[in-house]
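1. Predicted model and sequence below, questions to follow.
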Amino acid sequence: MDSNTRIVITGIGLTAPNGDDLATFRRHLLAGVSGVQRLDVRHFGELPAGICHYDPLRYQKRKDVKNGTRAGSIAIYCCHEALADARVAVGPANAARVGVYLGITEHGNVETEHEIHNVSQYSFDMRFWSHHHNPRTVANNPAGEVTVNLGITGPHYTIGAACAAGNLGIVQGAQQLTLGEVDVALAGGVSESIQSFGIFASFNSQNALARHEDPTRASRPFDADRTGIVVAEGGAVYVLERREDARRRGARIYGEIAGYATNSDAADFVLPKPERQTECMAAALARAGLEPRDIHIVSTHATGTRAGDIQECQAIRPLFGAGCDETFFNNTKSFIGHAMGAAGALELAGNLPAFEDHIVHPTLNVDHLDPECELRNLVLNRPRAAGRVKAILNNSFGMLGINSVLIVTQPA
Amino acid sequence: MTREAIVQAVIEIIKEIVPDEDCSALDPRRNLREQLQLDSMDFLDVVMELRKQYGIEVPEADYPKLATLASCADYLEPKLCAR
């Protein structure tokens, strides 16, 4: 292992509620196009949700879509797209040297709810419980489906990390490349959460589920009139490689994994703790060898809950104060909802094109900024031109007090 | 159900289980797994659908009797006629 190993992004595959490729996703983030729609949720009726529209049959047979999971299908789509974008083909020569590392907030809820509904139609006679349930619900399922589909024989597993998982999937991939365990890492995060009524119900019982007559207006982090979280599905997977390998093959480099950190609040099951979030950001900056003023975009985690939004701002202020005139803050969940395990990975992806166009996409739906969420250079409702964008800091936090921060820098 | 109807019902079940496969010209005397990409989980799907749609329980010892469309008809005909 060489601690000086540098890891770069050479491919991106994604599906978001407002775009199934990076170019469309970015265009819609700059144009203010939301991907939140009404979804008929079992036992609830219509709720706002982020729904993806990629074509599953582009890379899967109908049987495999039917027998697999939505998370697996999203992962397969994203991995194919990422590999194609990176111009990396998986074959006998490299199949054992490719690893799949996917962050998930949860897995198995969707299938378990479906099966319980299914057997309820048969008076709970367990002979009607599907033999597909276990392979669908094992925690490695989304990553495992990718390996089956693509013939990848290297390692695969998921990283269960609540809503910090998207960042941590990328971190895991970078670490495995640094360790020399693989030569190509497919790393990111996926979410199938909109198919689980229990996730909506639990947020509802926490008084943290967003509602709005116009679904595109439902997700509104930092706005004084926010009502909570819009649950979303989606995925973003990156092809990561060691920089020398990428350069040797002449790969396009989107950015470099410059720093990262993860820590734990050790405080509460659901409430965040700003001090630990600040420490996590500071640790990522230290690892990257950067000062806060070197960061030009902070992609916030804010989900549209009052406590979470305010406390993230409290965590940000001690670091990004005087001297950070060129640091802008934005939020992607306002466009797509909270894509759970995919959130961190998707939110980073939507900001990466700023290395080239120097534009910071906004956070949508802020009609009345919560005074407790005031940050200098918080980009509201319309994109802002930045003088330069050389480093992006991506926050992702989750329940049980898990924090993750990822810093990506412009390719050298 | 007539024997032809039973065969057609089994084909309809299989078409749902392996929707990518061409079931239009299956040889009733040849093993289904030689003609279609049917794995063991797919076969359990067939058993499950017979249970759900027709209330027929196929014990594991009888699975070989569902090897071909003709043997399916032989096996299922008395069970369906008895209902």
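-> It's in.
2. What residues does chain B have near chain A?
-> Contact residues (C-beta under 8 Å from any C-beta of the partner chain) of chain B with chain A: B:17-20, B:41-42, B:44-45, B:48, B:51-52, B:57. (Glycine included, C-beta is placed from N, CA and C.)
3. 10 Å instead?
-> Residues of chain B lying close to chain A by C-beta under 10 Å from any C-beta of the partner chain are B:16-21, B:37-45, B:47-48, B:51-52, B:57.
4. contacting residues for the residue in chain B positioned nearest to chain A?
-> Residue nearest to chain A within chain B (C-beta to the nearest C-beta): B:Pro19, separated by 4.1 Å. By C-beta atoms under 10 Å, 6 or more residues apart in numbering or on different chains, B:Pro19 lies in contact with A:61-63, A:65-66.
5. In PyMOL, select just the buried ones from those.
-> Here is the PyMOL command that picks out the buried ones among the contacts of B:Pro19, judged by 16 or more other C-beta atoms under 10 Å in any protein chain shown:
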select buried, chain A and resi 61+63+65+66
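6. could you dump the contacts of B:Pro19 to a markdown table with pLDDT, secondary structure and distance to A:His368?
-> Below are those laid out as a markdown table (pLDDT from 0 to 100; DSSP: H, G, I helix; E, B strand; the rest coil; distance: C-beta to C-beta, whole Å):
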| residue | pLDDT | secondary structure | distance to A:His368 |
| --- | --- | --- | --- |
| A:Lys61 | 98 | coil | 50 |
| A:Arg62 | 98 | helix | 48 |
| A:Lys63 | 98 | helix | 50 |
| A:Val65 | 98 | helix | 43 |
| A:Lys66 | 97 | helix | 46 |
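7. Find the closest residue to chain B in the stretch 1-150 of chain A.
-> Closest contact between the stretch 1-150 of chain A and chain B, by C-beta to the nearest C-beta, is at A:Arg62 (4.1 Å).
8. Just to check, that residue is in contact with B:Val18?
-> Yes. With contact defined as C-beta atoms under 10 Å, A:Arg62 reaches B:Val18; the gap is 8.6 Å.
9. Mark out where each domain of chain A begins and ends.
-> If you go by automatic domain parsing, the domain ranges for chain A are A:7-248, A:256-409.
10. low-scoring pLDDT stretches of the chain, where are they?
-> No chain was given, so I picked chain A. Low-confidence segments of chain A, defined by pLDDT under 70: A:1-3.
11. Please refer instead to chain B.
-> By pLDDT under 70, the weakly predicted segments of chain B are B:82-83.
12. Helices of that one, residue ranges please.
-> Assigned by DSSP state H, the helices in chain B fall at B:3-17, B:32-35, B:40-54, B:69-81.
13. then the last one to PDB, C-alphas only?
-> The one in question is helix B:69-81. Extracted in PDB, the C-alpha atoms of helix B:69-81 (Å, rounded to 0.1, in the frame of the first residue of the first chain):
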ATOM      1  CA  LEU B  69     -45.100 -30.300 -21.400                       C
ATOM      2  CA  ALA B  70     -46.500 -33.800 -22.100                       C
ATOM      3  CA  SER B  71     -45.400 -35.000 -18.700                       C
ATOM      4  CA  CYS B  72     -46.900 -31.900 -17.100                       C
ATOM      5  CA  ALA B  73     -50.200 -32.700 -18.800                       C
ATOM      6  CA  ASP B  74     -50.000 -36.300 -17.600                       C
ATOM      7  CA  TYR B  75     -49.300 -35.200 -14.100                       C
ATOM      8  CA  LEU B  76     -51.700 -32.300 -13.800                       C
ATOM      9  CA  GLU B  77     -54.700 -33.700 -15.700                       C
ATOM     10  CA  PRO B  78     -56.000 -36.000 -12.900                       C
ATOM     11  CA  LYS B  79     -55.400 -33.300 -10.300                       C
ATOM     12  CA  LEU B  80     -57.200 -30.600 -12.300                       C
ATOM     13  CA  CYS B  81     -60.100 -33.000 -13.300                       C
END
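14. Quick check: which helices or strands does it pack against?
-> helix B:3-17, helix B:32-35, helix B:40-54 (3 or more C-beta pairs under 10 Å, 6 or more residues apart in numbering or on different chains; DSSP states H and E).
15. Mean neighbour count and distance to A:Val98 added to the ones you listed, as a markdown table?
-> Below are the helices and strands packed on helix B:69-81 laid out as a markdown table (neighbours: other C-beta atoms under 10 Å in any protein chain shown; distance: least, C-beta to C-beta, whole Å):
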| stretch | mean neighbour count | distance to A:Val98 |
| --- | --- | --- |
| helix B:3-17 | 17 | 31 |
| helix B:32-35 | 16 | 31 |
| helix B:40-54 | 17 | 26 |
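16. So for A:Ala143, which of those sits nearest?
-> When the helices and strands packed on helix B:69-81 are compared by C-beta to C-beta, helix B:40-54 sits nearest A:Ala143, at 19.5 Å.
17. Now find how far off-centre the closest one is within its chain.
-> Centre-to-centre, helix B:40-54 and its host chain are 8 Å apart (C-alpha atoms, centre = their mean, to the nearest Å).
18. could you give the angle of that helix to helix B:3-17?
-> Per axes from the mean of the first three to the mean of the last three C-alpha atoms, to 10 degrees, the angle that helix B:40-54 makes with helix B:3-17 is 130 degrees.
19. Check which helices and strands helix B:40-54 is in contact with.
-> On a contact count with 3+ C-beta pairs under 10 Å, 6+ apart, helix B:40-54 meets helix A:62-67, helix B:3-17, helix B:32-35, helix B:69-81.
20. angle of the longest one against helix B:69-81?
-> Pointing back at helix B:3-17 there. Put simply, helix B:3-17 runs at 110 degrees to helix B:69-81, going by the same axes, to 10 degrees.
21. For A:Glu46, see how far away A:Glu213 is.
-> 10 Å (C-beta to C-beta, to the nearest Å).
22. Kindly report the same for A:Gly398.
-> Separation of A:Gly398 from A:Glu46 (C-beta to C-beta): 27 Å.
23. The two: which is more packed in?
-> Using other C-beta atoms under 10 Å in any protein chain shown, the more surrounded residue of A:Gly398 and A:Glu46 is A:Gly398, with 26 against 12.
24. where's the nearest residue to the more buried one once chain neighbours are set aside relative to A:Thr105, distance?
-> Closest residue to A:Gly398 apart from its sequence neighbours, by C-beta to C-beta, 6 or more residues apart in numbering or on different chains: A:Ala162 at 2.6 Å. Separation of A:Ala162 from A:Thr105 (C-beta to C-beta): 5 Å.
25. list residues touching both of the two?
-> Taking C-beta under 10 Å, 6+ apart as the contact rule, A:Ala162 and A:Thr105 both touch A:340-341, A:398-399.
26. Could you tell me the end-to-end distance of stretch A:188-196?
-> Chord length of stretch A:188-196, first to last residue, is 21 Å (C-alpha to C-alpha, to the nearest Å).
27. before we move on, which element is A:Leu29 in?
-> Following DSSP states H and E, one finds A:Leu29 within helix A:22-31.
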